[in-house]
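1. quick one, fold the following:
(2 chains)
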2 protein chains.
Amino acid sequence: MSEELNPHLRLLLGPGPSPVHPRILKAMSTHVVGHLDPDFLSVMDDCQVMLRDLFNTENQVTFPVSGTGSAAMEASVCNIVEPGDKAIICVNGVFGGRMSDVASRYGADVVTVEAPWGQPIDPGDVKAALDANPDAVMVGLVHAETSTGVLQPMEEIGAMCREHGALLLLDCVTSLGGVPVELDKWGVEVAYSGTQKCLACPPGVAPVTFSERALGKVRERKSKVTSWYFDVSMVEKYWGNERVYHHTGPISMNYAIREALRIIFDEGLEARFARHALASKALQAGVEALGLSMFAQEGARTPTLNTVALKDGMDDGAVRKSLLNDFNIEIGGGLGAVAGKIWRVGMMGHGATQANVVYLLSALEVIFSKLGYITRTGDGVGAATQVYADAAS
Amino acid sequence: MSEELNPHLRLLLGPGPSPVHPRILKAMSTHVVGHLDPDFLSVMDDCQVMLRDLFNTENQVTFPVSGTGSAAMEASVCNIVEPGDKAIICVNGVFGGRMSDVASRYGADVVTVEAPWGQPIDPGDVKAALDANPDAVMVGLVHAETSTGVLQPMEEIGAMCREHGALLLLDCVTSLGGVPVELDKWGVEVAYSGTQKCLACPPGVAPVTFSERALGKVRERKSKVTSWYFDVSMVEKYWGNERVYHHTGPISMNYAIREALRIIFDEGLEARFARHALASKALQAGVEALGLSMFAQEGARTPTLNTVALKDGMDDGAVRKSLLNDFNIEIGGGLGAVAGKIWRVGMMGHGATQANVVYLLSALEVIFSKLGYITRTGDGVGAATQVYADAAS
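-> The predicted structure is shown next:
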C-alpha cells in the first residue's frame, strides 16, 4: 500500500507549475457541488467575468477549458481549422511548433513563418505570408514562448490579419496574468492560456476566448469539429445562458481558477505586472553579475520566463540537480534545440518575489562556487538587491 | 469583486459528482510539485499500479487522462479509430450515443447495435453485427449506462470480439470502483472511467487503459491521431519509463485520484462492492415501498446508479427543486428520451451509505406528502431500514 502523500516543499521557479497561492489550495479543498448546481453556475459566471477582464476582451465566449494549457491550444485550433484550410503558424520555439502540429493533425494546410529561437517573429514576415496566402483562415502566434523566453511585440499583426480576413490566434500561456494582454486592442480573435503560470494556480483548467468573428467561422463549418470534447459550439451552450449539459467539468479546478482570478484583481493588474517586471529585472541583473547572459533577445524578453544561456563547460544537469536536491528549487532546462544550453527561470504569479529572486541567486552562487564557476559570492544577490533598492527609493 | 467561495453543502446523490471523501479534499490542498519532479513521478507510478488492480488488468499503459470522463472516452476512441475504419458501437442510452458521435467525428464508419433504453445490449445482436461486418476494428460498449442505470452483462462479448479480430472498448465511467470490473477476464482491450462516480473523487482526471493488442492497432496507424492532447503514442512515453514531457498534467487532480485509490484499497474491493450493492438494494426497497418502480430492467441494474420511473402526474421539477432547496440533496433527472420521466439516484463511492439512503427516502416522503403523492410516511424509510436489518442479522 502506498503511503500518505508527502512531496517535498519545492520552490517552483521553472516554466510552470509556479508556486500556488495558499488561498487557492484552500479553495480547492472546498466541498464539491454538482456541475449544474446554481452555486456552481455562479462560480462559472464569476470566472467568465474575471477572465474577460484579464484578457481585456468583450468576447462573450470566454471560459476555462476542462484540461491543461495544451488542451486549450487544441480547443482553440481545432474549432477554427477545417480540413484543407490554410493556416499560417509562426514558429520560434517549441510551442509554435506544437501549434503547427495540432493544426496539421486537424487537416490544416500549414504555412510556417519562422524566426530563430530567442528572437520574436518579424511582422514583415507575417505580412509576406499573408500576401502569399490570401486564402489563409488563421495566423497562429505565441505571445510568450515558454521554450525561449521571448515576448512577441503585438502592435501590428492583428491589423494585418483583419485586412487579409485571417483570424489571429494567440497563445497567452506564459503571458496572461504576468504582463499586459489586450486582446481586443490587438485584434486577437482567439486566445488561450494556462493556469499554472502567472495565475499561480495548479494546472487543470485553461482559459480560452473566441470573438464573434471567430465564432462565425465555427458556425460556418461544413463538418463537425473532430474533437467532441473541445467542440466550442456545444461547450458554449453550457457556459452560456442555456446551461445545456455537455460534459462534467473539473469542479474543484474551477474553484481554483476563480480564487486565482480573485487574487489577481485584489492585487490589481498594474501592480501585478510591475511586480513581475521588477522581479525579472532583479533576476537578470543578478544573473549578469554572475557573468552569465540572457538567451532571449534584448527588448523582446518576457519577464515571466527568463532564459539564461549556459557558458561553455557548465554542467546543466549538475546545477539543476543540486538546486532541486540541496535547495528544493526547481528551474527548467532547455527544450528541443536548446536542451543543455539554457536554463528557464519562471518569475510567475505568486512566485515573482524578491525573496525568491535572492534565494535562487544565493543558491546558484553556492553551487557555482562549489563547481568552480565563480571565485567569490555575493555579486549576484548584491546586484539583484540593488535593483530592489533602486525601485524602493 | 466576487465573494469568498461558499457553496451549499449538498448531498450529491445524482449521476455524479458523488460525495467526495474528506481525505481527498485534504490531498488536493497539498502543495504542488513540478510534473517532472521525482516526487510527482512516484505519484504517477502509484496511480498506475492501483488503477491496474482496480481494472483487473495487466495492461502496462494504464493512467489517468488529463481531463474528465468524456475526455477519457475521446482518448480511448480517437487512438483506435482511423478514418474509414468500421466501428460497431452499442447504443442503449446517452453515453453509447456519445461514443458513436465521437467515433464518427474521428472518421469511423459507425455501425450501431441498439437496445431499448433501460435494457442491456443483447450479445446475439453484437455477434450478428460482427458477422455482418467482419472488417470492424472495434466494438464499443457501455458497462454501466449513466443515463438509464443498466449494467451490461460481460460474459460473452469479449470472446466474440477476439474471434472476429475486433477490439472491445468498454465505458466503465459509472462502474469502476462500485461493481467488479475485470477487464482481462472479459477480454476488454481498451477501457476508461471517470473519477467523480464510484471513486468518490472530484472530476478532473479520468482513467484509461490500453492492452498490448490495442497499442498494436495504434502503432500500425497510417496517420497520426487527430488529437494531439490525447495521442497515447506520446502520452505513454511520459507515463512510462521514458518520462518524456508531453503536456503539463493536472498535478492536484493526480494527487486526488491517488488518494481515492488508496481509500478504495484500504476498504477492500469486496467490501466496497458489497456496500454499494446493499445501499442500492435498500434504496430500491424504499422506492418500491413508496409505490414507485425502477426504470432499468430487473437483473440488469447497476447498484451505482438507480433509475426510478416517475408515475403519471408527478412533477419532476417540483420534487428535485424541493430536494435541492429544502434538503440540500441533489439527484439527477432524465436525459434525452427520458427527460422528465425518470430520476437518477447515484449510490456511488463515499455516498453509498445507509445514512444517505434513509435521508433521501425520508426527504422524498416529506415532499411526496406535501404534493399528495402518498397519504402516510414511513413506508420507504422502513423498507430500506429492514434491508439493512436483514443484512446485519
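
2. any idea how far stretch A:235-253 is from the chain center?
-> 24 Å (Cα atoms, centre = their mean, to the nearest Å).

3. and if you look at stretch A:207-225?
-> 22 Å.

4. please apply the same query to stretch A:141-150.
-> Centre to centre, stretch against its chain (Cα atoms, centre = their mean), the figure for stretch A:141-150 is 8 Å.

5. what is the neighbour count of the residue of the stretch 251-393 of chain A found nearest chain B?
-> Nearest to chain B in the stretch 251-393 of chain A, going by Cβ to the nearest Cβ, is A:S252, at a distance of 4.3 Å. Yep, even glycine has a C-beta here, placed from its N, CA and C like the rest. A:S252 is flanked by 31 other residues according to other Cβ atoms under 10 Å in any protein chain shown.

6. phi first, then psi, for A:I89.
-> Here the main-chain torsion angles of A:I89 (degrees, to the nearest 10) amount to phi -120, psi 130.

7. residues near it, how many?
-> By other Cβ under 10 Å, neighbour count at A:I89 equals 28.

8. partners of it in the sheet?
-> A:T112, A:G140 (DSSP bridges).

9. wait, isn't it in contact with A:M99?
-> Yes - if you go by Cβ atoms under 8 Å, A:I89 and A:M99 touch, sitting 5.4 Å apart.

10. can you pull the residues that touch both of those two?
-> Residues touching both A:I89 and A:M99 (Cβ atoms under 8 Å, 6 or more residues apart in numbering or on different chains): A:G140.

11. any chance you could map the strands in the stretch 1-150 of chain A?
-> A:11-12, A:61-65, A:86-91, A:109-114, A:136-142 (DSSP state E, counting those that start in this stretch).

12. now those strands in TSV, with mean pLDDT and distance to B:S76?
-> What follows is those, written out as TSV (pLDDT from 0 to 100; distance: least, Cβ to Cβ, whole Å):
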stretch	mean pLDDT	distance to B:S76
strand A:11-12	98	32
strand A:61-65	98	19
strand A:86-91	98	28
strand A:109-114	98	28
strand A:136-142	98	28
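
13. sorry, back to before: which SS state does the residue of the stretch 251-393 of chain A closest to chain B fall under?
-> helix (DSSP: H, G, I helix; E, B strand; the rest coil).

14. A:T377 - nearest residue in space that isn't next to it in sequence?
-> Excluding its sequence neighbours, the residue lying closest to A:T377 (Cβ to Cβ, 6 or more residues apart in numbering or on different chains) is A:E365, at 4.2 Å.

15. buried residues, the helix or strand that contains the one you found. List them.
-> Element membership for A:E365 (DSSP states H and E) is helix A:354-371. Across helix A:354-371, burial judged by 16 or more other Cβ atoms under 10 Å in any protein chain shown covers A:354, A:356-368.

16. could you look up the next helix or strand downstream of the longest helix that chain A contains?
-> The residue-count maximum for a helix in chain A (DSSP state H) belongs to helix A:269-289. Remark: after helix A:269-289, the chain's next helix or strand is strand A:293-294, criterion DSSP H and E.

17. spell out which parts of the stretch 51-200 of chain A neighbour chain B.
-> A:66-71, A:74, A:78, A:98, A:101-102, A:105-107, A:194, A:196 (Cβ under 8 Å from any Cβ of the partner chain).

18. could you redo the last one with a cut-off of 10 Å?
-> With Cβ under 10 Å from any Cβ of the partner chain as the criterion, the stretch 51-200 of chain A meets chain B at residues A:65-75, A:77-78, A:83, A:94, A:98-99, A:101-107, A:146, A:173, A:194-197.

19. which of those residues are buried? Put it as a PyMOL command.
-> Restricted to buried positions by 16+ other Cβ under 10 Å, the PyMOL selection for these reads:
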select buried, chain A and resi 65+66+67+68+69+70+71+72+73+74+75+77+78+94+98+99+101+102+103+104+105+106+107+146+173+194+195+196+197
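
20. among the residues of the stretch 51-200 of chain A next to chain B, which are in helices?
-> A:69-75, A:77-78, A:94, A:98-99, A:101-105.

21. all strands of the stretch 151-300 of chain A, in order?
-> Going by DSSP E, counting those that start in this stretch, the stretch 151-300 of chain A shows strands at A:167-171, A:190-192, A:206-210, A:293-294.

22. mean neighbour count and distance to A:M348 added to the ones you listed, as CSV?
-> Formatted as CSV, these follow (neighbours: other Cβ atoms under 10 Å in any protein chain shown; distance: least, Cβ to Cβ, whole Å):
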stretch, mean neighbour count, distance to A:M348
strand A:167-171, 28, 15
strand A:190-192, 28, 17
strand A:206-210, 29, 15
strand A:293-294, 16, 17
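
23. can you redo the ones you listed as CSV with mean pLDDT and distance to A:V235?
-> As requested, the strands of the stretch 151-300 of chain A are exported to CSV (pLDDT from 0 to 100; distance: least, Cβ to Cβ, whole Å):
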stretch, mean pLDDT, distance to A:V235
strand A:167-171, 98, 17
strand A:190-192, 98, 13
strand A:206-210, 98, 9
strand A:293-294, 98, 40
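
24. figure out which of those is closest to B:L283.
-> strand A:206-210 (38.4 Å; Cβ to Cβ).
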